[in-house]
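Chemist: Below are the sequence and a predicted model; questions follow.
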Amino acid sequence: GRSAFSSIQGPAATFLMAAAHRTAARPCSAMRLSVAAVGVVALASTVSAFAPAPAWQLAGKALPSGLGLRKAACTQPSMAVSPITGEPMSKFDLMRFKFGRETASKEVEKQQQVAGFDYSDFETAISKFDCSFQVGDTVVGQVVQYEQNGALVDVGGKSSAFLNSAEASMQRVEDIEEYLSIGDNREFQIIGGEDENGQVKLSIRRLEFARAWERVRQIQEEDCTITAEIMSINRGGALVNFEGLRGFLPGSHAPQGGLNEDAVGTIVPLKFLEVDQAKNRLVVSNRRAVVESRLTNLEPGQLITGIVRSLKPYGAFVDIGGVSGLLHISQISHDHISDVSKVLQEGMEIKAMILTQDKEKGRFSLSTKTLEAEPGDMVRNPDTVKENAEATAERYHQRVKAEQEARDQAASELVAGLGPYALSTGEV
């Protein structure tokens, strides 16, 4: 037994040889001693592989003489074996290797170079997915589960984010399951920071709200015409809905015929008068939309039908489908007129020709005397002028065209008579 123990090195030798010394002093059969020796040797081999040498051994001190053992030689600290190369490795290097520190063995570094990916690369890749959310950020997420008052959304955070039903849309959402489906991917805005569980709060409504205002500003800059539904009537006008935003339609800019309860639910063309997101103020006009629509279809020389809306000492204002035109007193008839009311009355339907147009100011000047077959017909019989207006207007245009051609011909003859120094017809 003592010869078997003599091959054991390291910290276990002290314990085992002392045990053998005590055992030898007692009556013991050879078989029991042999079995004990085999077990102790196996245990000692395991312990000695990891346990460091005791301080007294490192200092080169001898064992107490009472044990009757030989001196223990001073040896190096015990070393673990590398699981890759089989080379000795201290327990500290073993721990560094286990947790992927840069102080791993050279063999490990070689294998990382061959693989083209080491622990620093892994750490860099992981850092790209380190999600830190800020209130106001826009993120993309997937709806993963319905809750009682909303839904859970996976946005790549520590835990699923929460979308309240009230924040699911600018419109009122009664059942979020009808508005969102499991697996839907879309954009959300973060409106609440992480709580103790790492959960953030989301909103779709605020994203839609911001984008609707951005679209309204763009439409106003481009001066486009929109259509919106009249939602309700109030004392000063009406409320309309455009892409979830509420706008105010003043009574002075309402459709022709005014506003009443019958107008609720109707779709009307509108133009933006005022857009102010900071004050949440959106003012629209139907009158301006109609006027500009008419302006694009009305040209000088065109024959129109209108209603006399008001009489003035200097003429009459005629409504042309929402656009107001002025029929000056001098353009009513070739005969002199001192009192407009003797020829025209409010509510009277007439036909007139557009003389001039100011599209920027939305103004028209009209004439009825161009429609007179004989001077004074508007004074004597305005109904006859109305009935024959189309034919008279055609003759008027032919006459104007013939006069223009005659002027051009005269200019050409004048230029031809000037000789080689003559100017072109266009320059004249």
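Modeler: Arrived safely. None of the values given here were measured: they were computed from a predicted structure.
Chemist: count of residues packed around Ala389?
Modeler: Residues lying near Ala389 (other C-beta atoms under 10 Å) number 21. For every residue, glycine as well, the C-beta is placed using N, CA and C.
Chemist: Give the bridge partners for the nearest residue to it once chain neighbours are set aside, please.
Modeler: Leaving aside its chain neighbours, Ala389 sits nearest to Lys351 (4.0 Å; criterion: C-beta to C-beta, 6 or more residues apart in numbering). Beta-bridge pairing of Lys351 under DSSP bridges involves Thr305.
Chemist: hang on, Lys351 packs against Thr305?
Modeler: Yes. When contacts are counted by C-beta atoms under 8 Å, Lys351 is listed as touching Thr305 (5.4 Å).
Chemist: Mind checking which of these two has more residues around it?
Modeler: Ranked by neighbour count (other C-beta under 10 Å), Lys351 and Thr305 place Lys351 first, with 20 against 13.
Chemist: confidence score at that one?
Modeler: As predicted, Lys351 sits at a pLDDT of 91.
Chemist: And for Glu427?
Modeler: Reported pLDDT for Glu427: 54.
Chemist: go on, Gly257?
Modeler: For Gly257, the model assigns a pLDDT of 68.
Chemist: ditto for Pro300
Modeler: For Pro300, the model assigns a pLDDT of 85.
Chemist: now the strands for the stretch 201-350 of the chain?
Modeler: Here the stretch 201-350 of the chain has its strands, by DSSP state E, counting those that start in this stretch, at 201-203, 226-233, 237-242, 245-250, 267-276, 281-285, 303-312, 315-320, 323-328, 349-358.
Chemist: okay, now Ser169: neighbour count?
Modeler: When neighbours are counted by other C-beta under 10 Å, Ser169 comes out with 16.
Chemist: swap in Asn149?
Modeler: 11.
Chemist: Could you say which of the strands of the stretch 201-350 of the chain is packed most deeply?
Modeler: strand 201-203 (a mean of 22; mean count of other C-beta atoms under 10 Å).
Chemist: From the rest of the structure, what touches that strand?
Modeler: With contact meaning C-beta atoms under 8 Å, 6 or more residues apart in numbering, strand 201-203 is reached by 139, 141, 153, 155, 161-164, 167, 188-192.
Chemist: Surely Ser181 and Gln145 touch.
Modeler: No. Using C-beta under 8 Å, Ser181 makes no contact with Gln145, being 11.8 Å away.
Chemist: so what sits against both of those two?
Modeler: Shared contacts of Ser181 and Gln145 (C-beta under 8 Å, 6+ apart): none.
Chemist: still on that earlier bit, quick one: which of the strands of the stretch 201-350 of the chain is nearest Glu390?
Modeler: With respect to Glu390, and counting by C-beta to C-beta, the nearest of these is strand 303-312 at 6.6 Å.
Chemist: Give the other helices and strands that that closest one contacts.
Modeler: With contacts taken as 3 or more C-beta pairs under 8 Å, 6 or more residues apart in numbering; DSSP states H and E, strand 303-312 sits against strand 315-320, strand 323-328, strand 349-358, helix 389-416.
Chemist: low-confidence ranges in the stretch 201-350 of the chain?
Modeler: By pLDDT under 70, the weakly predicted segments of the stretch 201-350 of the chain are 257, 295, 322.
Chemist: mind exporting stretch 403-416 as CSV, just the C-alpha atoms?
Modeler: Extracted as CSV, the C-alpha positions of stretch 403-416 are listed here (Å, rounded to 0.1, in the frame of the first residue of the first chain):
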residue,chain,number,x,y,z
GLU,A,403,-62.7,92.6,-88.0
GLN,A,404,-59.5,91.0,-86.7
GLU,A,405,-58.7,89.5,-90.1
ALA,A,406,-59.2,92.8,-91.8
ARG,A,407,-56.8,94.5,-89.3
ASP,A,408,-54.2,91.8,-90.0
GLN,A,409,-54.6,92.3,-93.7
ALA,A,410,-54.2,96.0,-93.5
ALA,A,411,-51.0,95.6,-91.4
SER,A,412,-49.5,93.2,-93.9
GLU,A,413,-50.2,95.6,-96.8
LEU,A,414,-48.6,98.4,-94.8
VAL,A,415,-45.5,96.4,-94.2
ALA,A,416,-45.2,95.3,-97.8
